[in-house]
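J.: attaching a predicted model along with its sequence, questions to come.
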Amino acid sequence: MSTLFLAHTEADGTLAKAALEALAATIQLATALGTPFSVGLIGDNTGPAADSIAGCGAARFLAVTGTDFAQARYATDAAAAEALCRAAAATLVSVPATSRWNRVLPGVAHRLGGRADTHVTGLDAANGIPSISRWFYRQRMEAVLTRSTRPWLLALEGGIAPAWQGAAGSAAVEAVALTPPATRSHVVGFEAPAADQQTIRPDAEVLFVTGAGWTKKQADGQVKVAAAETLILDFLRLSRASLGSTKSLVDLGGEGQDILPFLSHLNQVGQTGSTPRHAKGLATCCHGEEPHTVGWRFIGERRAISLDANCGWARGKADVLYIADAFAVMAKVNALLV
Ligand SMILES: Cc1cc2nc3c(=O)[nH]c(=O)nc-3n(C[C@H](O)[C@H](O)[C@H](O)COP(=O)(O)OP(=O)(O)OC[C@H]3O[C@@H](n4cnc5c(N)ncnc54)[C@H](O)[C@@H]3O)c2cc1C
């Protein structure tokens, strides 16, 4: 069994937390298999990244280096990954499930005549046979599976192992020569929203979920979307929480209704949305329906605020349910946070 861990460097030449978590999971697998593993790096200047994990116990450090491989681009990333896998004669390949790797991994598996599995949440081995854990049917069923096809390429989800921490040093990196493939796309720069406009924050401790109730008529017969917007944005600014939403609330915009303008389908949590992992979650003005709460599966401590004592949260979906007016509660919470 020849295991290869692949990572790409970030813009500043370092390895991201997701890469260090995947590295730690790969080390656990190699230990369970009792076989050595190698590291393959892709980037503009891979030396500092290799040095930062010099003490990880890898048998070999391989790298495809150069400005052509600095940016995420299918043609160059797939070619570099293929070259590294061939150089290492890898039978098992692990990568962090970044958008960059998720895009190329199935194509790389095809080029190598292997198979790829994505969304891997656990790695194990028994009697020299590796196995992976993976969730199905939107996180309702967990399967442990193995494959006989090699190479087997695995995209490891974030958070499945603590990020590798160990001694930096001087890694002996073997350069894998590769003529960059012909490309048609050129990266001219990045445009990113200001940090405060970015409401999806995977590293936040708290997930704050907004539901359609924020835009519904309130006790005085009035709709209070502007007040809701202020309360929600103030809470996000003060708490640095990540913003989630129910499907109903993000759909309302498409139906021409008054909606919170900073919400998009990217914020949607649930069966047809995301299943984020945060230590705590607070749902406000959502009903707690099953397809929505399935997205809460990996939230550590779940709390909800709803006016409806018969909502889904009351039937065991939340650890704590406050039967209260979310406008009043969040105004008080914000006042306490200032
Ligand atoms: C196949 C399928 C897949 C789906 N996938 C998803 C999914 O991925 N994600 C998702 O979210 N939904 C999904 N849905 C829809 C889901 O079932 C619910 O219909 C939807 O999430 C409900 O949205 P809501 O809770 O925001 O709104 P509502 O059902 O309208 O509930 C609003 C709640 O706000 C409360 N409220 C109103 N004012 C206040 C106030 N001042 N203070 C406190 N509470 C207040 C009300 O009492 C009510 O309980 C799916 C549905 C189907 C059929």
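T.: That came through, no problem.

J.: and the residue in the stretch 101-250 of the chain positioned nearest to the ligand, how many neighbours?
T.: Of all residues in the stretch 101-250 of the chain, the one sitting closest to the ligand is G213 (2.3 Å; Cβ to the nearest ligand atom). Placement of C-beta: from N, CA and C, glycine included. G213 has 23 neighbours, counted by other Cβ atoms under 10 Å.

J.: again with G159
T.: Applying other Cβ under 10 Å, we find 14 other residues in the vicinity of G159.

J.: once you drop chain neighbours, what's closest to the spatially most central residue of the chain?
T.: The residue lying closest to the centre of the chain (Cα atoms, centre = their mean) is G158, at 5.4 Å. The shortest distance from G158 to any non-neighbouring residue, by Cβ to Cβ, 6 or more residues apart in numbering, is to A18 (4.7 Å).

J.: what's the helix or strand in which the one you found is found packed up against?
T.: Using DSSP states H and E, A18 falls within helix 17-33. The criterion is 3 or more Cβ pairs under 8 Å, 6 or more residues apart in numbering; DSSP states H and E, and the helices and strands that helix 17-33 contacts are strand 3-8, strand 37-43, strand 92-96, strand 115-126, strand 129-136, strand 152-156.

J.: what comes up buried for that helix?
T.: Residues 18-30, 33 are the ones in helix 17-33 that count as buried (16 or more other Cβ atoms under 10 Å).

J.: next: stretch 199-214.
T.: Residues 199, 201, 204, 206-214 are the ones in stretch 199-214 that count as buried (16+ other Cβ under 10 Å).

J.: try stretch 72-87
T.: Quick answer for stretch 72-87 (16+ other Cβ under 10 Å): 72-73, 75-85, 87.

J.: and of these, the nearest to the ligand?
T.: Checking the buried residues of stretch 72-87 against the ligand with Cβ to the nearest ligand atom, the nearest one is A72 at 27.6 Å.

J.: state the distance from that closest one to A171.
T.: From A72 across to A171, the span is 24 Å (Cβ to Cβ, to the nearest Å).

J.: now the helix holding A18 - C-alpha only, CSV.
T.: Output in CSV follows, covering the C-alpha atoms of helix 17-33 (Å, rounded to 0.1, in the frame of the first residue of the first chain):
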residue,chain,number,x,y,z
LYS,A,17,-6.1,24.4,8.3
ALA,A,18,-8.1,22.0,6.1
ALA,A,19,-4.9,20.6,4.7
LEU,A,20,-3.3,20.1,8.1
GLU,A,21,-6.5,18.3,9.3
ALA,A,22,-6.4,16.0,6.3
LEU,A,23,-2.7,15.4,6.9
ALA,A,24,-3.4,14.3,10.5
ALA,A,25,-6.2,11.9,9.2
THR,A,26,-3.8,10.5,6.6
ILE,A,27,-1.2,9.9,9.3
GLN,A,28,-3.7,8.0,11.4
LEU,A,29,-4.6,5.8,8.4
ALA,A,30,-1.0,5.1,7.5
THR,A,31,-0.4,4.1,11.2
ALA,A,32,-3.5,1.8,11.1
LEU,A,33,-2.2,0.3,7.9
